[in-house]
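Q: requesting a structural model of the entry that follows:
(one chain, ligands or ions: 1)
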Amino acid sequence: MGLMQGNLMNGKRGLIMGVANDHSIAWGIAKTLAAQGAELAFTYQGEALGRRVRPLAESLGSDTLISCDVEDLDSVDAVFAALKEKWGSIDFLVHAIGFSDKNELKGRYADTTRANFTRTMVISCFSFTELAKRAAAIMPNGGSVITLTYGGSTRVMPNYNVMGVAKAALEASVRYLAADYGPQGIRVNAISAGPIRTLAGAGIADARLMFNYQKRNAPLRRTVTIDEVGGSALYLLSDLSSGVTGEVHFVDSGYNIISMPHPDALKTIEDAEERAAGEVAAE
Ligand SMILES: NC(=O)c1ccc[n+]([C@@H]2O[C@H](COP(=O)([O-])OP(=O)(O)OC[C@H]3O[C@@H](n4cnc5c(N)ncnc54)[C@H](O)[C@@H]3O)[C@@H](O)[C@H]2O)c1
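A: Predicted coordinates for the structure are as follows:
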């Protein structure tokens, strides 16, 4: 199915942060917004990714591509100075940035190091606060800001570890920022996406198992696409959601509402267990 064309974002300008390649969630969002008339600027992290992001940005008619590593505050300030100079103001910001040391996205959360805890928090959580503040400073007419989170924030997901803690803090930040900026007409929300095969997603141990488990157990019996996340982002970034702020909106095929897996899925597990037990007994 092609992207829905329309004019919901006509006259709106915004910044997309977090495109690494055409599998990135931020890319799904960018395509959806562009198809509705948005004018986009992009950031990229480092020249290697920049070479991939440039043709993508150009394919959506964007000529504004700025290098930014959120660990380097000067580079963050430079982005907003450039946007202010180019456009004067913006209407929306998409924060789709996350990072943690791969070596700590397996095993026990309890073994997280102080250095990686701090780095994960700064990149995956606090950068959103720093970016929202700078975006708000060039949103004189109000605006909408979103970030990306995951259900490992409130329920334990094996191997997600310190990212789960960072996402919990990120979701709390969404609420505090929504309260801070609400009086200026700036809305702040999060999309909680189900597992998607991306560069960042592949950093989590057993990502494929998580992906397949979701497919078997989510009410819709499948995972979600970056275009589907794009559709919800369009709602949150356009005037369709003008009364909505401080929300965490799930785009996860309904996985978050499930407690016990469906008996069909359990049967597969029980059959496998019985087979394994039979093999042991036969030995
Ligand atoms: N893939 C999933 O299953 C999933 C599910 C829910 C939420 N999310 C979240 O979605 C967001 C986007 O991730 P994705 O899955 O599209 O993967 P991705 O690898 O395509 O995107 C992650 C982005 O973060 C950027 N980034 C990392 N460190 C940075 C830094 N120091 N400065 C600037 N940028 C930096 C990378 O350059 C990359 O563009 C992340 O916050 C991730 O936690 C992903």
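
Q: how about the strands in the stretch 101-250 of the chain?
A: 143-149, 186-193, 248-251 (DSSP state E, counting those that start in this stretch).

Q: winner for burial among those?
A: Highest mean neighbour count among those (mean count of other Cβ atoms under 10 Å): strand 143-149, with a mean of 27. Placement of C-beta: from N, CA and C, glycine included.

Q: now Asn103: how far from Ile90?
A: Distance, Asn103 to Ile90, by Cβ to Cβ, to the nearest Å: 37 Å.

Q: cool, and Asp206?
A: In terms of Cβ to Cβ, Asp206 sits 39 Å off from Ile90.

Q: then the helix or strand harbouring Val76 to CSV, C-alphas only?
A: Here Val76, judged by DSSP states H and E, is contained in helix 73-87. Output of helix 73-87 as CSV, limited to C-alpha atoms (Å, rounded to 0.1, in the frame of the first residue of the first chain):
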residue,chain,number,x,y,z
LEU,A,73,25.9,20.1,22.9
ASP,A,74,27.7,22.5,20.5
SER,A,75,26.5,20.4,17.6
VAL,A,76,22.9,20.5,19.1
ASP,A,77,23.0,24.3,19.4
ALA,A,78,24.3,24.6,15.8
VAL,A,79,21.3,22.7,14.5
PHE,A,80,18.8,25.1,16.0
ALA,A,81,20.9,28.2,15.0
ALA,A,82,20.8,26.9,11.4
LEU,A,83,17.0,26.3,11.5
LYS,A,84,16.4,29.7,13.0
GLU,A,85,18.4,31.3,10.3
LYS,A,86,16.8,29.3,7.5
TRP,A,87,13.2,29.2,8.6
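
Q: any chance of a markdown table for the strands of the stretch 101-250 of the chain, columns distance to the ligand and mean pLDDT?
A: Shown next, in a markdown table, are those (distance: least, Cβ to the nearest ligand atom, whole Å; pLDDT from 0 to 100):
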| stretch | distance to the ligand | mean pLDDT |
| --- | --- | --- |
| strand 143-149 | 3 | 99 |
| strand 186-193 | 4 | 99 |
| strand 248-251 | 9 | 98 |
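
Q: any chance of these in a markdown table, plus distance to Phe99?
A: Output for the strands of the stretch 101-250 of the chain, formatted as a markdown table (distance: least, Cβ to Cβ, whole Å):
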| stretch | distance to Phe99 |
| --- | --- |
| strand 143-149 | 13 |
| strand 186-193 | 16 |
| strand 248-251 | 20 |
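
Q: list the buried residues for stretch 38-55?
A: Buried residues in stretch 38-55, defined by neighbour count with 16 or more other Cβ atoms under 10 Å: 38-45, 49-50, 53.

Q: what about the ligand: which of those touch it?
A: When contact is defined as Cβ under 6 Å from any ligand atom, the buried residues of stretch 38-55 meet the ligand at 45, 49.

Q: so which of the buried residues of stretch 38-55 sit within helices?
A: 49-50, 53 (DSSP state H).

Q: distance of Gly201 from Gly243?
A: 32 Å.
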